[in-house]
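S.K.: Dropping a prediction and its sequence here:
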Amino acid sequence: MTELDFSVIKNSLPYLWKGLEYTLQLTVVAAIGGVIWGTLLAMARLSSNKFLSMAAAGYVNLMRSIPLLLVIFWFYFLSPVLLQWVSGMDRPPQIGADRSAYITFILFEGAYFCEIMRAGIQSISRGQVAAAYAVGLNYWQSMQLIILPQAFRNMLPVLLTQTIILFQDVSLVSLLNVTDFVGAASKIAQRDSRLVEMYLFVAAAYFIMCFGLSLLVKQLQKKIAIVR
Amino acid sequence: MDPAILFEQVPDGDGTWIMSLASGLKYTLIIAALAWIIAFLLGSILGVMRTTENKWAVRVGNAYVELFRNIPLIVQFFVWYFVLPGLIPAVKTWVISLDPTTHQFVTAVVCLGLFTAARISEQVRSGIQALPRGQRMAGNAMGLTQAQTYRYILLPVAYRIVIPPMTSELMNLIKNTAVAFSIGLVELFFRTREMGELTFRYFEAFAAATLIYVVIAMIANRAMAFIEKRTAIPGFISGGAGGGGH
């Protein structure tokens, strides 16, 4: 058995930290963007407009039936075209995989957040909607003031759990050579031929972070349950 | 967009691109099927363990689930593929004796099987816990052993309840085989990317793969719906909400 040498981790901590920073940043941005996009999708899915609800359902089902890895590569190639179309630029902008990942994860996780928010909206009794309309609120007002705040609150633990999954999913961008946490570890592991130490460290680090976060979510869940 | 590319010959290979994708699909499905067997058996055992009165069984089951749920799948692949042989000399000698493809294949099946087992155990546990407590008591009262209670009373209903979330787990497993690409396994996603890289027709390649994955998802969905219908007990409403995750 070759000797384990964990000094490689100590020496590369600044680089690993930079990778982790990217992972965290992408997670937070994608979670916020994904929840917003997912909420809009959920409202579309529940709308009485048939075309809108079918389009949203089709989008969500498509995203949920293909592997994330395929989606990541799709958007890596499509993002420049997409941005050109949105911004009306003359030519597709050059964006790297590290930046296209933001678009990928917002659009992909939006599909999963949509299903959570849909359940959240449906958990609010219909009487509340009726009451909102009865006091003269329009659709957007009743959503914004009555339905969504309660839906968010009810679904907060599930939304956070999904965010932990998102945090783990981000690691797949390392396959596009992006220096996220796993990407940084892979690069050093290969440079120094220290795969065993590096990947053990990464696995342990993820475990501690995700397990800790999931404990926090559990605590929060209890807190919310008591208040109710 | 020109689907004709799919019927062009693969350079220095025999057959067309569509055949190349099909051979990748074959690996994807075989790996998913074998991993599902491991996941279903181990997941059921763990799920049952977590509902028993035995404290240690519950602890071991919970620890397993937390361990496999809180490490990203790609890192688990790396641990099985790089760390395990590097850490244990016996595994290393065995791995060296295998050809690389077999090594990747075995790694993928074991890794996906054990990963999915954690998720199946969650479903089995919640299925058993969804049953009224009286069922277990009735089993005990009739003089059944604990094993018999599970075999004849609890599990037959619990499995039926969790068919819908199990369907999503099966589809997750099929999708997750794409991560085996990270250790170089030549499955569907690997073939797709290879086609894109060699022909520069990424759009066609990805569109074809997307279509294949969507069709598999639909077939898996229909198949499970069929099983659900065939096994339904009159008078029971099968329910159970599928959670998030992928």
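M.R.: It's in. Numbering: from 1, shown residues only, chains lettered A, B, ... in the order given.
S.K.: what are the ranges of the helices in chain B?
M.R.: Counting by DSSP state H, chain B has helices at residues B:17-49, B:55-69, B:73-78, B:84-87, B:89-97, B:100-129, B:133-141, B:146-148, B:155-161, B:163-176, B:188-199, B:202-231.
S.K.: for those, which one sits closest to A:Leu62?
M.R.: helix B:202-231 (6.7 Å; C-beta to C-beta). Bear in mind the C-beta positions are built from the backbone N, C-alpha and C, glycine included.
S.K.: list the buried ones in that closest one?
M.R.: By 16 or more other C-beta atoms under 10 Å in any protein chain shown, the buried positions in helix B:202-231 come out as B:202-210, B:212-213, B:216-217, B:220-221, B:224.
S.K.: if we take these, which one ends up nearest to chain A?
M.R.: Nearest to chain A among the buried residues of helix B:202-231: B:Ala217, at 3.5 Å, using C-beta to the nearest C-beta.
S.K.: what sits against the closest one?
M.R.: Contacts for B:Ala217 (C-beta atoms under 8 Å, 6 or more residues apart in numbering or on different chains) come out as A:Arg64, A:Ser65, A:Ile66, B:Met171, B:Ile174.
S.K.: swap in B:Ile233?
M.R.: With C-beta under 8 Å, 6+ apart, B:Ile233 has these contacts: B:Val157, B:Arg160.
S.K.: How much space separates it from chain A?
M.R.: Distance of B:Ile233 to chain A, computed by C-beta to the nearest C-beta, to the nearest Å: 26 Å.
S.K.: now that we have the contacts of B:Ala217, which one has the most neighbours?
M.R.: B:Ile174 (25 neighbours; other C-beta atoms under 10 Å in any protein chain shown).
S.K.: Now do the helices in chain A.
M.R.: So, for chain A - with DSSP H - the helices run A:7-11, A:13-45, A:50-65, A:68-87, A:97-122, A:126-134, A:139-142, A:148-169, A:181-192, A:195-227.
S.K.: what bits of chain B have low per-residue confidence?
M.R.: For chain B, the stretches with pLDDT under 70 are B:235-246.
S.K.: most centrally placed residue in it?
M.R.: The structure's chain B has its C-alpha centroid closest to B:Leu173; by C-alpha atoms, centre = their mean the separation is 3.3 Å.
S.K.: That one touches B:Ala39, doesn't it?
M.R.: Yes. With contact defined as C-beta atoms under 8 Å, B:Leu173 counts as touching B:Ala39 (6.9 Å).
S.K.: any common contacting residues for those two?
M.R.: B:Leu112, B:Thr116.
S.K.: before we move on, the earlier item: could I get the helices of chain A as a markdown table with distance to B:Gly139 and mean pLDDT?
M.R.: Shown next, in a markdown table, are those (distance: least, C-beta to C-beta, whole Å; pLDDT from 0 to 100):
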| stretch | distance to B:Gly139 | mean pLDDT |
| --- | --- | --- |
| helix A:7-11 | 52 | 85 |
| helix A:13-45 | 42 | 96 |
| helix A:50-65 | 38 | 94 |
| helix A:68-87 | 42 | 85 |
| helix A:97-122 | 34 | 93 |
| helix A:126-134 | 40 | 91 |
| helix A:139-142 | 50 | 92 |
| helix A:148-169 | 33 | 94 |
| helix A:181-192 | 47 | 93 |
| helix A:195-227 | 31 | 91 |
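S.K.: rewinding a little: most tightly packed of the helices of chain B?
M.R.: Among these, ranked by average contacts under mean count of other C-beta atoms under 10 Å in any protein chain shown, first place goes to helix B:73-78 (a mean of 25).
S.K.: Let me know how buried A:Ser12 is, in neighbour terms.
M.R.: 21.
S.K.: Quick one: residues contacting it.
M.R.: A:Ala184, A:Ile188.
S.K.: any idea how far it is from chain B?
M.R.: For A:Ser12, the distance to chain B - C-beta to the nearest C-beta - is 16 Å.
S.K.: what does A:Asn154 give?
M.R.: When A:Asn154 is compared with chain B (using C-beta to the nearest C-beta), they lie 13 Å apart.
S.K.: my guess is that residue contacts A:Gln122, does it?
M.R.: No. Using C-beta under 8 Å, A:Asn154 makes no contact with A:Gln122, being 10.2 Å away.
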